Every structure is written in structure tokens, then in C-alpha cells.
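Colleague: 3D, please:
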Amino acid sequence: MPWIYLVIAGLFEVAWAVGLKYTEGFTRFVPSVLVAGAMVASMGLLGLAVRHLPIGTAYAVWTGIGTLGAAAFGMAVLGEPAGALRLCCIGLIAAGIAGLKLLPA
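Modeller: Next up, the predicted model:
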């Protein structure tokens, strides 16, 4: 169950990271409230996950999910560059997350 909490926390991290783009510096009310809610949910679920997982592993996976999700959103929706070197580096992050998941907790 802690890994499920961690993955959902990572998805909420993607939501708030991407949502920051739409708050326009927290000047737009609804996006700002949604981002704040996603931050609280993400931190809360991360807190539940670290009760049973090593903090270093959980934090690395959490930030990795956020990084991958935000980068994928940026490339797919916002037209950010998706060059070979950038994709290779993102792949290395994904490999690191998979490696941490495969190691004994």
C-alpha cells in the first residue's frame, strides 16, 4: 500500500507542478486553489508512504514521478523541446525510479 500512496502522491505532484503554469503567479483564484489542494494531497500521501518506505527512496521516486510527468506534459501539451538528448536524460530518470522500486525497501 505505501507504493500506491507514493505513486498517487507523485501524480498529485505532477498536477500541482503543471498547475503552477496556470496560476499566473498565484493571481488566478481557481487554479491557485486547485494547486494548493494538489500540494496538500501530494504531501499528505508522501507522508503516509514514508511511514513504511525509506525516506531517500520515497523522496527520489516522488520527485522523479513529478519530473517525468511535468516534462511529458510540457513536451506533449506546451510544445517544449523533445530532442534526443533531453529524452535520453528523462529516460535515465525513469530508469533510476524503476531501479529504486526494484531494490528491497
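Colleague: what's near enough to touch Leu11?
Modeller: The contact partners of Leu11, taken as CB atoms under 8 Å, 6 or more residues apart in numbering, are 65, 69. C-beta here means a position set from N, CA and C on the backbone, and glycine is covered the same way.
Colleague: show me what counts as buried in the host helix or strand of it.
Modeller: Assessed by DSSP states H and E, Leu11 sits inside helix 2-23. Residues 5-20, 23 are the ones in helix 2-23 that count as buried (16 or more other CB atoms under 10 Å).
Colleague: cool, stretch 27-36 as well?
Modeller: Neighbour-count burial for stretch 27-36 [16+ other CB under 10 Å]: 31-32, 34-35.
Colleague: need the residues that contact the helix or strand just after the helix holding Leu11.
Modeller: Sequence order places helix 29-49 as the next helix or strand after helix 2-23, per DSSP H and E. Contact with helix 29-49 is made by 2-3, 5-6, 8-10, 12-13, 15-16, 19-20, 22-24, 26, 58-59, 62, as judged by CB under 8 Å, 6+ apart.
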